[in-house]
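> Show me how the following folds:
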Amino acid sequence: VLTMVMFDEDAKNHHVWSYKSWFINYFDYSLEEYGQEIQYIEKLINRDVLNNSAWCFRYKIICDLLIMSSDEQKKSLLEEELDYAEQQITRYPDNISSWNYHFRMIELLRENNHTISKDISELYETQINDSVYSLEYYAKYLNLVDKSKNQQRIKDLYLILRDHRDPIRKVYWDYKITHI
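Coordinates of the predicted model:
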């Protein structure tokens, strides 16, 4: 309850997020309490989709839940979170937090030996004109799934970023191109 009051004042207060994280780690939370946390974090993200602290905390909660889950539950949970991130990306495509969260859910699915049951490429393709992050994370995704098969497409995405969409990070994109 105390953290809710604090978040009403400043939902990006790092100290409150640290305290909340410590509290959950120190006390054994039940699945019901974790569910309540996810609902509360969802409210904070709905209020401010750019709240990276809320996204990071949601990630922490999901990782905690994965430890308590069976393989089937893990897959279901991660796919639900993937869908949630996609909804938030559609809502506000130019938010790196939701793109990063989405990509981490893909990585967690792979780390837990699960395949993604839908074509993720469609999300990146539909957002390509709306967000620099769609290009960046599409390249990351292609690199993750099959770097050798997608090498040219990854390079093309980095070139678009370097030359047109994100020239301020030209040196970074050159670096990425040389390390494909």
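> Backbone dihedrals for residue 50, both of them.
phi -90, psi 0 (degrees, to the nearest 10).
> Report the next helix or strand after the lengthiest helix in the chain in sequence order.
Among the segments of the chain that qualify as a helix by DSSP state H, the longest is helix 71-91. Taking DSSP states H and E as the definition, the helix or strand that follows helix 71-91 towards the C-terminus is helix 96-111.
> Provide the contact partners of that next one at residue level.
Judged by CB atoms under 8 Å, 6 or more residues apart in numbering, the contacts made with helix 96-111 from elsewhere in the structure are 49-52, 55, 58-59, 62-63, 66, 75, 78-79, 81-82, 85-86, 88-89, 92, 115-116, 120, 123, 131, 133-134, 136-137, 140-141, 144. Any C-beta I mention is one placed from the backbone N, CA and C, and that applies to glycine too.
> And stretch 5-16, by the same measure?
Everything outside stretch 5-16 that qualifies as a contact, by CB under 8 Å, 6+ apart, is 3, 44, 47-48, 51-54.
> for the record, mean pLDDT for it?
Predicted confidence along stretch 5-16 averages 91 (mean pLDDT).
> picking up where we left off before, show the buried residues in the contacts of helix 96-111.
Of the members of the contacts of helix 96-111, the ones counted as buried by neighbours, 16 or more other CB atoms under 10 Å, are 49, 51, 55, 58-59, 62, 75, 78-79, 81-82, 85-86, 88-89, 116, 120, 123, 131, 133-134, 136-137, 140-141.
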